[in-house]
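Chemist: Predicted coordinates and the sequence they were generated for:
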Amino acid sequence: MPQMSQFMAALIASGTILTIILATDLGHRRITTMRMMRSIIAVGVVIAIFVDSFPTKGGNDLSLQLVGVGIGVICGLIAGALLPAYKDATSGQLYTIGGIGYALVWIVLSSGRVIFAYGAEHWFTMDLIKFSIDYEISGQDTYSNAFIFMSLAMVLTRTGVLLAKMRKVKSRGAGNEQRSRQAADGESVGV
């Protein structure tokens with residue numbers, strides 16, 4: 001079976017992750033374990049399919065892949081900040097509201113990965129080869145891994161932010177309930 005081009009791999013991987021993230025996070029969505037796990041599972045499947053090797057042959061392979069992880073963490077924090085959480089007053093369920101800003105972070109990053117892969121094959125192939133030689137990067141697997149690890153880090157960070165928001169909203173709700181009970185019992189309520 002012939003090897004898939006870097007562009008096609010980036011298109012499929014980025015498109016899959018983007019579709020799952022946007023389908024599960026846009027609009028008013030209840031926070032559930034399955035919702036959070038779905039995107040992590042998707043990235044895990046993408047890694048299993050598209051990460052053939054883990055280049056660490058010296059040089060800067062590992063550094064480039066770690067840069068991908070770092071960028072993913074930063075973008076995951078930004079995306080998480082753009083995903084407000086609240087507790088529904090009637091049902092007590094936790095929800096998020098994914099809007100256009102949240103979607104744009106994911107779309108821009110996914111598009112950037114695909115455009116880079118296309119450019120690597122069609123626009124700046126020789127420049128990328130020269131850059132790889134100058135900075136001792138062993139090849140396209142290192143770049144592919146950096147982008148896939150960036151996606152994983154972004155999804156995991158977004159999930160971590162959601163978990164932190166869940167705890168905060170639950171604890172805020174528990175504090176309000178305790179103050180309501182104290183007020184109903186005639187105790188003084190400190191704010």
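Modeler: The structure has been received and is ready for your questions.

Chemist: Every contact and neighbour count from this point should use C-alpha atoms.
Modeler: OK.

Chemist: where does the protein have low pLDDT?
Modeler: 1-4, 53-58, 173-191 (pLDDT under 70).

Chemist: Please repeat the previous calculation with a cut-off of 50.
Modeler: Residues of the chain that meet the criterion pLDDT under 50 lie in 1, 178-184, 186, 188-191.

Chemist: Strands of that one, residue ranges please.
Modeler: With strands called from DSSP state E, the chain shows them at 27-30, 85-87, 94-98.

Chemist: Dump those into TSV; add distance to residue 105 as well.
Modeler: Shown next, in TSV, are the strands of the chain (distance: least, Cα to Cα, whole Å):
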stretch	distance to residue 105
strand 27-30	15
strand 85-87	18
strand 94-98	11
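
Chemist: Which helix runs longest in the protein?
Modeler: For the chain, the helix that runs over the most residues, judged by DSSP state H, is helix 140-184.

Chemist: Pull the distance from that helix to the chain's centre.
Modeler: Averaging C-alpha positions (Cα atoms, centre = their mean, to the nearest Å) puts helix 140-184 12 Å from its chain's average.

Chemist: again, but for stretch 50-69
Modeler: Relative to where its chain is centred, stretch 50-69 has its mean C-alpha point 19 Å off (Cα atoms, centre = their mean).

Chemist: End to end on that stretch, go ahead and measure it.
Modeler: 16 Å (Cα to Cα, to the nearest Å).

Chemist: which parts of it are buried?
Modeler: 50, 55, 59, 60, 61, 62, 64, 65, 66, 68, 69 (16 or more other Cα atoms under 10 Å).

Chemist: Pick out the most distant pair among these.
Modeler: Based on Cα to Cα, the longest span within those runs between 50 and 59 and measures 22.3 Å.
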